[in-house]
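Asker: coords please:
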Amino acid sequence: MLLHLLLLLPLLLLCRQARGAALPVFPSFLPPLTTTLVGPAEDLTVYPAPDTVFTQQNNTEIRSQVGATAVLHCIAHNVVENTVSWIRRRDYHLLTVGSQAYSSDERFQVRYVKQENVSTGDWQLHIRYVQVRDDGVYECQVPSHPPVSLFATLRVLEATSEILGGPEKYMTVGSSLRLVCVLRDNTQPPNYVFWYHDDQMINYHSTRGVQVENNGGLSVLFLRDVGPQDSGNYTCAPSNAKTSNINIHVLKGGETPQAIHSGAPSVSSTSPLLLTMLLLLLWGPLTLAPAPPSTSAGIGRDLGPAVT
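Answerer: Reported below is the predicted structural model:
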């Protein structure tokens, strides 16, 4: 046993000397300890889910007339915890966030409509009593990283009306009046159309036999057996469009449109007695005026004593 220990002692001494020797130095290609390696699995950037999409066409155009309610749609899949916002692009004014309105203008409201698919919803922007200044581009934004947006352009139209055959119309006593009022640039039919004769509404004037028929963008007024009292200004007044006017002239027997504009009575409408009086007034001074003196009146007149 002692002999074995003596044989192992030199080997132990050699191992101890080798352990205390310096290791050789080799160039290092490892990054410094302060550098953090980030691989694809460690990327913390949040990107929208690939199935988060809008189900409607982007950059759509919606038309609405002044005074109506415009509805802008934003239908999307899998929004999850992200909050949908509506922004007015003209001034980047935030209108709504989620189900809350963030504008001091109470005309802007948001309404969420759940679709049949559980993961699909429609964030609708409602603009009540649309005005001309509401015309422009609106953005529906999902604030993911990066955000995704849907754009809609609102075109505001000013609806007007026009009475066909205007601005003046001439009729004879006993004929029938038919006025057609056409609406222009309207996106929805009016709730009512009032007709006025001068300052009086005549839609329901039963004693005059007035009939009014409304059909979408048309309103027609009927009036039978017109008389002089039916002359005047007629106005078509839709509930959601500008009014229009026409002047109706009911001609009496022998009266002409020229006489109405000039304000003078026509010859054919003047009574025979009045014509006779006018002729007498013109002819009388001619027959009663004294004849001028003749140049021969001075012949034979005494011119005084002759001069010698």
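Asker: what bits of the stretch 201-308 of the chain have low per-residue confidence?
Answerer: Scanning the stretch 201-308 of the chain for pLDDT under 70 picks out 253-308.
Asker: which residues sit against stretch 94-101?
Answerer: Stretch 94-101 is contacted by residues 83-88, 102-103, 108-110, 112, 123, 125, 138 when judged by CB atoms under 8 Å, 6 or more residues apart in numbering. Every residue, glycine included, has its C-beta placed from N, CA and C.
Asker: which pair in those spans the largest distance?
Answerer: 88 and 112 (19.4 Å; CB to CB).
Asker: Looking at the two, which one has more neighbours?
Answerer: Per other CB atoms under 10 Å, whichever of residue 88 and residue 112 has more neighbours is residue 88, with 19 against 12.
Asker: related to what we said a few turns ago, mind checking which of the contacts of stretch 94-101 are buried?
Answerer: When burial is judged by neighbour count using 16 or more other CB atoms under 10 Å, the buried members of the contacts of stretch 94-101 are 84, 85, 86, 87, 88, 108, 109, 110, 123, 125, 138.
Asker: Next step: these restricted to strands.
Answerer: 85, 86, 87, 88, 108, 109, 110, 123, 125, 138 (DSSP state E).
Asker: Looks like the first one contacts residue 141 (just checking).
Answerer: If I follow you right, that is residue 85. Yes - with contact defined as CB atoms under 8 Å, residue 85 reaches residue 141; the gap is 4.9 Å.
Asker: which residues does residue 177 form a beta bridge with?
Answerer: Per DSSP bridges, the residues bridged to residue 177 are residue 223.
Asker: pLDDT score assigned to it?
Answerer: pLDDT for residue 177: 93.
Asker: close enough to count as contact, it and residue 225?
Answerer: No - taking contacts as CB under 8 Å, residue 177 lies outside contact range of residue 225: 9.3 Å.
Asker: neighbour-wise, which of these two wins?
Answerer: Neighbour count, other CB under 10 Å: between residue 177 and residue 225, residue 177 has more, with 17 against 12.
Asker: what residues are up against that one?
Answerer: Counting by CB under 8 Å, 6+ apart, residue 177 has contacts 171, 221, 222, 223, 224, 226, 230, 248.
Asker: ranking the residues you listed by neighbours, who comes first?
Answerer: Neighbour counts for the contacts of residue 177 peak at residue 223, which has 23 neighbours (criterion: other CB under 10 Å).
Asker: State the distance from it to residue 211.
Answerer: Distance from residue 223 to residue 211, counting by CB to CB, to the nearest Å: 8 Å.
Asker: and if you look at residue 167?
Answerer: 23 Å.
Asker: gap between residue 209 and residue 135?
Answerer: 44 Å.
Asker: what are the ranges of the helices in the stretch 1-150 of the chain?
Answerer: With helices called from DSSP state H, counting those that start in this stretch, the stretch 1-150 of the chain shows them at 2-20.
Asker: the strands in it, which residues?
Answerer: For the stretch 1-150 of the chain, applying DSSP state E, counting those that start in this stretch gives strands covering 60-65, 70-72, 75-77, 85-88, 93-97, 100-101, 108-114, 120-127, 136-142, 148-157.
Asker: Partner strands of the second one, with direction?
Answerer: According to DSSP bridges, strand 70-72 has the following sheet partners: strand 120-127 (antiparallel).
Asker: between the strand it pairs with and strand 60-65, how big is the angle?
Answerer: If you take axes from the mean of the first three to the mean of the last three CA atoms, to 10 degrees, strand 120-127 sits at 40 degrees to strand 60-65.
Asker: Give me the buried stretch members for strand 120-127, please.
Answerer: For strand 120-127, the neighbour count (16+ other CB under 10 Å) marks 120, 121, 122, 123, 124, 125, 127 as buried.
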